[in-house]
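Generate coordinates for the sequence data below:
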Amino acid sequence: MSVKATLAKVFAALVKRKINRWAADPIATQQQVFHSLIAKAQNTAFGTDHRFAEIHSYADFTQRIPIRDYEALKPYIDRVVEGERDVLWRGKPLYFAKTSGTTSGAKYIPITKESMPHHIEAARNAILCYINETGRADFVDGKMIFLQGSPILEEKNGIKLGRLSGISAHYVPAYLQRNRMPSYKTNCIEDWETKIDAIVSETFTQDMTLISGIPSWVLMYFERLVKCSGLPVGKLFPDFSLFIYGGVNYEPYRQKFEYLIGRKVDSIELYPASEGFFAFQDSQKEKGMLLLLASGIFYEFVEADTFFTDTPKCVPLSEVQLGVNYALVISTNAGLWRYSIGDTVQFTSLAPYRIVVTGRIKHFISAFGEHVIAKEVEEALQQTLEGTEARVTEFTVAPQVTPPQGQLPYHEWLIEFENEPADMSAFALALDKAMQQQNTYYYDLIQGKVLQPLKITRVEKGGFNAYMKTQGKLGGQNKIQRLANDRSIAEKLPLL
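Below you'll find the model as predicted:
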């Protein structure tokens, strides 16, 4: 074993002990974060407007500050963007993470000198927890690739801005620089298809041991590697042993990944966002990701079923329950206050606190009162694929509210198959049965003859990538929306 691998094991043990300390006292840790945030932002414009000096408890906090999304916080963010100091947090941000918005165009998420280190530390600690648990560290000696956005940053009123992954690229530690791929020049390519071809060219003959990125875009990279080499990725890179991902659930992609790799590879799930790094998979043995409680983020949770009501039920960490679907609300040392990021989560463990991401609060199907969420369709599909030769590249689900006359409405699954099931009708019936097991409301609607069983529509190979390209969202941190309560996506996909 190399010196680097040996030192990685020693460092991993130290970091794991530190994590265990705050994980063992979660509520006190969150209370400490809460009081620190309030104290440090007391003299900001936001803190003055909301009388932070009078906040002494969580009850005070909730009474003075409403839950906001980006649109509601935008008047404050606009002042920061214009260069004003001490608005949401002390001083000015180091960066803006620029993301695509819905009604307001581009969104500018502040990243401060206090928040930036936690983005980097969390990604590092996820790897160190893996090393500590498994004892495997040899991959640190090989080449590592991080499929990410361009590191070229713009500037706005003295504050640098770019994609989060591009900002993070500037913080890769020196001991990884020699191992890191692709080259800076290739990483700066904006067009995703051109970038993938350049990455394939650079990595084709390398000893890749760790690969990281959003599964859908890593899949494109793997497909091109296989096409160029005629070999499974696992033979092309015999020492490839760890896949790190975030952004979407890996399970719907796992079967195709293992087919392209030719074997199983360990994986680590991350939960990063422009607004903060919230969780990472700390164990290969336990379900869910460890919620990061000592990283300058105070968490609240709104029961998803109540989110759009006049009286949403919001609770702190101490009151969460297993299996409940919560909308995630955060307050951070980047100056986001009771900010709804739009994601929904469920807890898989309360000691320590571990979560899984279940979807987006606005991404669901409830055309008939069923409120189907992303986690349910992903798990139903994974369950149906097990034991079959079918492989799915990508999929989305939409309601068909106005079917041909005489037919009941239904859920339409638009699926791009890499390998189609031998019996599509039997596959659809099995998938519908799995959905009924996942969602009791859906079960009632099927059994009550309000809905007919789901139907599968095949999407052309490459169809989802073609759709994303037309939307200007091919590659990077973009991902396919799993669910829509309308047919806005379904009607734009190229079908077979």
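
Point to the helix or strand of the chain where mean pLDDT is at its lowest.
For the chain, scoring each helix and strand by mean pLDDT, DSSP states H and E identifies helix 174-177 as the least confident one, at a mean of 72.

Give me the contact list for the helix or strand following that one.
Next along the chain after helix 174-177, taking DSSP states H and E as the criterion, comes strand 180-181. Strand 180-181 is contacted by residues 143, 144, 145, 146, 172, 199, 202, 203, 206, 208 when judged by Cβ atoms under 8 Å, 6 or more residues apart in numbering. In this view, the C-beta of every residue, glycine as well, is placed from N, C-alpha and C.

can I get the CA coordinates of the least confident helix or strand of the chain in CSV?
What follows is the C-alpha trace of helix 174-177 in CSV, where atoms were taken according to Å, rounded to 0.1, in the frame of the first residue of the first chain:
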residue,chain,number,x,y,z
ALA,A,174,-3.2,19.9,-3.9
TYR,A,175,-2.7,16.2,-3.1
LEU,A,176,-5.4,15.3,-5.6
GLN,A,177,-4.4,17.6,-8.4
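
what about the strands in the stretch 301-450 of the chain?
In the stretch 301-450 of the chain, strands defined by DSSP state E, counting those that start in this stretch lie at 314-316, 326-332, 339-350, 353-360, 391-400, 410-419, listed in chain order.

So which of those strands is nearest residue 44?
Shortest distance between residue 44 and the strands of the stretch 301-450 of the chain, using Cβ to Cβ, is found for strand 326-332: 12.7 Å.

Can you check what angle separates that closest one from strand 353-360?
Taking axes from the mean of the first three to the mean of the last three Cα atoms, to 10 degrees, one finds that strand 326-332 is oriented at 110 degrees with respect to strand 353-360.

could you give the mean pLDDT of strand 326-332?
Averaging pLDDT along strand 326-332 gives 98.

Which residue in the contacts of strand 180-181 has the weakest pLDDT?
Between those, the one the model trusts least by pLDDT is residue 172, at 80.

Where is the longest helix in the protein?
helix 3-23 (DSSP state H).

Please identify the buried residues of that helix?
In terms of neighbour count (16 or more other Cβ atoms under 10 Å), helix 3-23 has its buried residues at 8, 9, 12, 15, 16, 19, 22, 23.

Give me the spatial nearest neighbour of the fourth one, chain neighbours excluded.
Sequence neighbours aside, residue 128 is the residue nearest to residue 15 in space, at 4.7 Å (criterion: Cβ to Cβ, 6 or more residues apart in numbering).

repeat for the fifth one
Leaving out its chain neighbours, the residue that sits closest to residue 16 by Cβ to Cβ, 6+ apart is residue 132, at 4.4 Å.

And whichever strand or helix holds the one you found, what does it pack against?
When secondary structure is defined using DSSP H and E, the element that contains residue 132 is helix 116-134. Using 3 or more Cβ pairs under 8 Å, 6 or more residues apart in numbering; DSSP states H and E as the contact test, the elements touching helix 116-134 are helix 3-23, helix 164-168, strand 242-246, strand 266-273, strand 276-280.

Mean pLDDT lowest where, among the ones you listed?
Out of the helices and strands packed on helix 116-134, helix 164-168 stands lowest, with a mean of 89 (criterion: mean pLDDT).

Now find how far off-centre that one is within its chain.
Here the centre of mass of C-alpha atoms in helix 164-168, compared against the chain's by Cα atoms, centre = their mean, to the nearest Å, lies 15 Å away.

ok so, going back, pull the CA atoms of the helix or strand following the helix holding residue 132 into PDB?
With elements assigned by DSSP H and E, the helix or strand that comes after helix 116-134 is strand 143-146. The C-alpha trace of strand 143-146 is given here as PDB (Å, rounded to 0.1, in the frame of the first residue of the first chain):
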ATOM      1  CA  LYS A 143      -6.900   8.800 -11.700                       C
ATOM      2  CA  MET A 144     -10.100  10.400 -10.600                       C
ATOM      3  CA  ILE A 145     -12.700  12.100 -12.800                       C
ATOM      4  CA  PHE A 146     -15.300  14.600 -11.700                       C
END
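
Can you give the strand pairings for strand 143-146, parallel or anti for each?
strand 180-181 (parallel), strand 208-212 (parallel) (DSSP bridges).

what's the closest of these to residue 164?
Among those, the nearest to residue 164 by Cβ to Cβ is strand 208-212 (13.8 Å).

Report the buried residues of that closest one.
In terms of neighbour count (16+ other Cβ under 10 Å), strand 208-212 has its buried residues at 208, 209, 210, 211, 212.

May I ask you to confirm that the last one is in contact with residue 144?
Yes: counting by Cβ atoms under 8 Å, residue 212 touches residue 144, with 7.3 Å between them.

rewinding a little: tell me which other helices or strands the longest helix of the chain touches.
Going by 3+ Cβ pairs under 8 Å, 6+ apart, helix 3-23 lies up against helix 116-134.

that older thread, between the strands paired with strand 143-146, which gets nearest to residue 328?
Residue 328 lies closest to strand 208-212 among those, at 23.0 Å (Cβ to Cβ).

Name the residues of the following helix or strand past the closest one that come out as buried.
Downstream of strand 208-212, the first helix or strand assigned by DSSP H and E is helix 215-229. Of the residues in helix 215-229, 215, 216, 217, 218, 219, 220, 221, 222, 223, 224, 225, 226 count as buried by neighbour count, 16+ other Cβ under 10 Å.

Same question for stretch 283-303.
When burial is assessed from 16+ other Cβ under 10 Å, stretch 283-303 yields the following buried residues: 283, 288-303.

returning to what we had before: which residues touch the residue nearest to residue 15?
If you count contacts by Cβ under 8 Å, 6+ apart, residue 128 has them with 8, 11, 12, 15, 16.

Let's see that with 10 Å instead.
In this structure, residue 128 makes contact with 8, 9, 11, 12, 13, 14, 15, 16, 19, 121, 137, 282, judged by Cβ atoms under 10 Å, 6 or more residues apart in numbering.

Next one: it from residue 38, what distance?
For residue 128, the distance to residue 38 (Cβ to Cβ, to the nearest Å) stands at 31 Å.
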